[in-house]
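Participant: Predicted coordinates and the sequence they were generated for:
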Amino acid sequence: MLPDADAFPEILLDLAVPHEDINDLVALRRTLTADTGAMRFLEECVDDLVRDIGEIGAAVPLAERVEEAPAAVGPYFAVYVFVAALPYTRAYHQERGVTADVSRRTLADLGRNMAHHRRQHGRGGVKVPQWLTHHFRGELYQLGRLQFERARLGQRTGRAVAAAGLDVTPGEPCLNLHIPDFHGPLSPAACGRSLELAREFFARHFPQERYQVAVCHSWLLDPQLKRYLDPDSNIVRFQGRFEAGRDPGEEPEPADTEPVRFVFGDPDLPVASLPRRTSVERAVGDHLRAGDHWYVGHGWFPL
């Protein structure tokens, strides 16, 4: 189920696991492999993860299973699950003709996730293991600056798309667009290149799925950001790509912790002391200190 101790560090580096976590993961590997029950549990988790690999939207209860992991390896248990599943993921990528470079950059999100965890908590671990199931099941791919997830159009956005006159209905395939951190500016040129890569990639590797629409659900699409940021800023120009994907009369739920989480690294930071070093930091903090709320925006555009 797991590579031997000599090969293990190189595989972790291929997945962009932070260097400061590697020695601990190698040492805990011995603890894990010596426990027959823990290895049986690991095998069950891997089976859950790779069953029906490639199927869009399959339920994989990894987050719940990780909570049951042996205490000795608990914070890192998801890493061992993903490493053990790696041969299945790579085989699926090869079957689809996905290049080694795209595969490597996609699965390197494990290391990014672990960097987020250490940034917030000051120790090793996996921040959101459930999120990474999409990568290791062949549903999500990093293509340039952006990530694209094979998904299905929801009712809310589907209604907005249909109202715009496109012949697309809820339940049809769409590409769910994600904006990873630690990957440089969200420049128009970088986003445009990603979109060109995505159009070519999914037409070539998933020709049976017709992707007509890209959707995004993110605090970065909150139109209130335009009150604080320059019209030529990357975020405002990114918003300009999208049509509204929410019913006009719908009352959104506040999501104040979302920008705090992604801009400052910790959703629980006290609002009063949020730094004001950049225009985005000032926008997020000043808005909250004024007693206002941030919301997750929903948008779409035709591919």
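Facilitator: Received the coordinates, thanks. Numbering: from 1, shown residues only.
Participant: any idea how far His293 is from His117?
Facilitator: Distance, His293 to His117, by CB to CB, to the nearest Å: 27 Å. Any C-beta I mention is one placed from the backbone N, CA and C, and that applies to glycine too.
Participant: what about these two, which has more around it?
Facilitator: Taking neighbours as other CB atoms under 10 Å, His293 and His117 compare with His117 leading, 19 against 13.
Participant: so what's the more buried one up against?
Facilitator: Going by CB atoms under 8 Å, 6 or more residues apart in numbering, His117 touches Arg123, Gly124, Gly125, Val126, Lys127.
Participant: Could you rank those residues by neighbour count and give me the top one?
Facilitator: Val126 (24 neighbours).
Participant: okay if I get the contacts of His117 as CSV plus distance to Arg137 and secondary structure?
Facilitator: CSV is the format used below for those (distance: CB to CB, whole Å; DSSP: H, G, I helix; E, B strand; the rest coil):
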residue, distance to Arg137, secondary structure
Arg123, 28, coil
Gly124, 24, coil
Gly125, 21, coil
Val126, 16, coil
Lys127, 18, coil
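Participant: closest to Pro302 among those residues?
Facilitator: Lys127 (33.0 Å; CB to CB).
Participant: Not counting sequence-adjacent ones, nearest residue to the closest one?
Facilitator: Excluding the flanking residues, the one nearest Lys127 by CB to CB, 6 or more residues apart in numbering is His117, at 4.0 Å.
Participant: Just give me the longest helix of this structure.
Facilitator: Assignment by DSSP state H gives helix 77-96 as the longest helix of the chain.
Participant: so what's Ala72 up against?
Facilitator: Leu28, Thr31, Leu32.
Participant: do the same with Asn113
Facilitator: Applying CB under 8 Å, 6+ apart, the residues near Asn113 are Val126, Lys127, Val128, Pro129, Trp131, Leu132.
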